[in-house]
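[1] got a sequence here, can you model it:
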Amino acid sequence: MAILNKIFSCLPVFILLYSSTLHVNACYTSIVSFGDSLADTGNLKQFVTNSKSEPPHFLFLPYGETFFHKATGRCSNGRLIIDFIAESLGMHILPYEKMKMNNAMKIDQGVNFAVVGATALDSSFFEARGVNNPYTNASLNVQLQSFKKVFASICMTNSDCKNLLGSSLILMGEIGGNDYNHPIIAGKPYDELISYVPLVINTIISAINELIELGAQTLVVPGNLPIGCSTTYLTIYHGSDKVKYDNTTGCLVELNKFAEYHNELLQTELHHIRELHPNVNIIYADYYNAAMQFYHYPLKYGFTNGALKACCGGGGPYNYNMLVACADPSSTTCDQPETYANWDGLHLTETAYHVIYKSLFQGTYTTPHFNSLCPASTISQDIFTSSSLVQSF
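    Numbers count the residues shown, from 1 in each chain. Here you go, the predicted structure:
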């Protein structure tokens, strides 16, 4: 299924309203988010609706069933990490495509440019290598250019722009995972994947540097998840005598080492940025080790059905079938998603995302620790059950 891929082209003229008043968190005036399906809260859904394209499977129940009770465009049964971040800071964050629908809009609390399927590298890179992206061409650069158009419309002077961006929390994804997901699913060899990593990292670093030049002062940069624990890849390589499994987790050793290589290279480059810009907060978010907690100890986090089997899928040893997606009439969905870490093969459940969120933003899995920079983010309300600040659209 191909979807028309012009999600972020042609920005109409907007009357954009901005309030510089700090919100209840006392740390940031707004959130600006880039990324892929780990952060998309409705951009691709809105684009499909506007363009009358064929809707992909994640725009149907049981996606969204646990929290929103309807499909919102999020690739999970409920909320994502970005939802928990926004809630903890007392903010609403709107999908860019939703905001584009209006001639006047208020974006003082944030805008989300993340799109399901997005890559760091431009789509032309993958097209030249015979790799198809069925969802979007909204690469990191496309998202950044869309942001710059909005940004330029909000403020009247360079000083205003720098002040606005300097008081915002910038979330750089997660982005880059699909630069490997699409080629792996297309059957590209491991050696070719390795060659992509420096290019992906350079693209992310280039975007960070551009945002810093525009005035960004606080950027959260996630690493890659442990893709060797992905239900999708465990299914693809199931039965192969060419792969090794971690005896303690059941994950694929080589793919996890690949993710670690990506993360090590990313951290090296982030260190260089910190040296060049000592007054800018560059926060590395260790998605890999935050997630490895429940792959090592699933029962500790309530995952009584394990961390490797999908809650929603088309059967098989891991309940994943590339020909029968979650939400397909012939797929099955578990009764208790909170007892599963994996939702649909590629994505995690709301409960798993909440574990990662807490480890990152209220724990020790960021460098430097996020809650040392913004203690107000550790607000007392139980955001895992709160619903007042999350918008479903």
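
[2] could you use CA atoms for every contact and neighbour count after this?
    Noted.

[3] shaky segments in the chain?
    Confidence mapping of the chain against pLDDT under 70 gives the ranges 1-25, 102-108, 376-383, 385-389, 391, 393.

[4] mind listing the helices for the stretch 201-350 of the chain?
    Per DSSP state H, counting those that start in this stretch, the stretch 201-350 of the chain has helices spanning 231-236, 253-276, 287-296, 350-361. These are given in chain order.

[5] figure out which of those helices is closest to Leu140.
    Checking the helices of the stretch 201-350 of the chain against Leu140 by Cα to Cα gives helix 253-276 as the closest, at 15.6 Å.

[6] just checking, what packs against the closest one?
    Taking 3 or more Cα pairs under 8 Å, 6 or more residues apart in numbering; DSSP states H and E as contact, the helices and strands that helix 253-276 lies on are helix 190-214, strand 281-285.

[7] among the helices of the stretch 201-350 of the chain, which comes closest to Thr72?
    helix 350-361 (13.4 Å).

[8] after that closest one, next one along is what?
    Tracing the chain C-terminally past helix 350-361 and defining elements by DSSP states H and E, one meets strand 366-367 next.

[9] show me the strands in the stretch 51-200 of the chain, by range?
    Per DSSP state E, counting those that start in this stretch, the stretch 51-200 of the chain has strands spanning 94-95, 104-106, 110-112, 168-172. These are given in chain order.

[10] so what does the first one touch, helix or strand wise?
    In this case it means strand 94-95. With contacts defined as 3+ Cα pairs under 8 Å, 6+ apart, the secondary structure elements packing on strand 94-95 are strand 110-112.

[11] 10 Å instead?
    Contact analysis of strand 94-95 by 3 or more Cα pairs under 10 Å, 6 or more residues apart in numbering; DSSP states H and E lists strand 30-34, helix 43-51, strand 110-112 as its packing neighbours.

[12] same deal with the third one?
    Contacts defined by 3+ Cα pairs under 10 Å, 6+ apart place strand 110-112 against strand 30-34, strand 94-95, helix 96-100, helix 140-154, strand 168-172.

[13] mean neighbour count added to those, as TSV?
    Putting these into TSV (neighbours: other Cα atoms under 10 Å) gives the following:
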stretch	mean neighbour count
strand 30-34	26
strand 94-95	24
helix 96-100	21
helix 140-154	18
strand 168-172	24
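
[14] need these in CSV (columns: distance to Gly345).
    Shown next, in CSV, are the helices and strands packed on strand 110-112 (distance: least, Cα to Cα, whole Å):
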stretch, distance to Gly345
strand 30-34, 22
strand 94-95, 24
helix 96-100, 26
helix 140-154, 24
strand 168-172, 23
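
[15] returning to what we had before: which among the strands of the stretch 51-200 of the chain is found nearest to Thr333?
    strand 94-95 (27.5 Å).

[16] who does that closest one pair with, and is each partner parallel or antiparallel?
    strand 110-112 (parallel) (DSSP bridges).

[17] ok, residues contacting the strand it pairs with?
    Contacts of strand 110-112 with the rest of the structure, by Cα atoms under 10 Å, 6 or more residues apart in numbering, involve 29-35, 39-43, 82, 86, 91-99, 143, 147, 150, 168-171.
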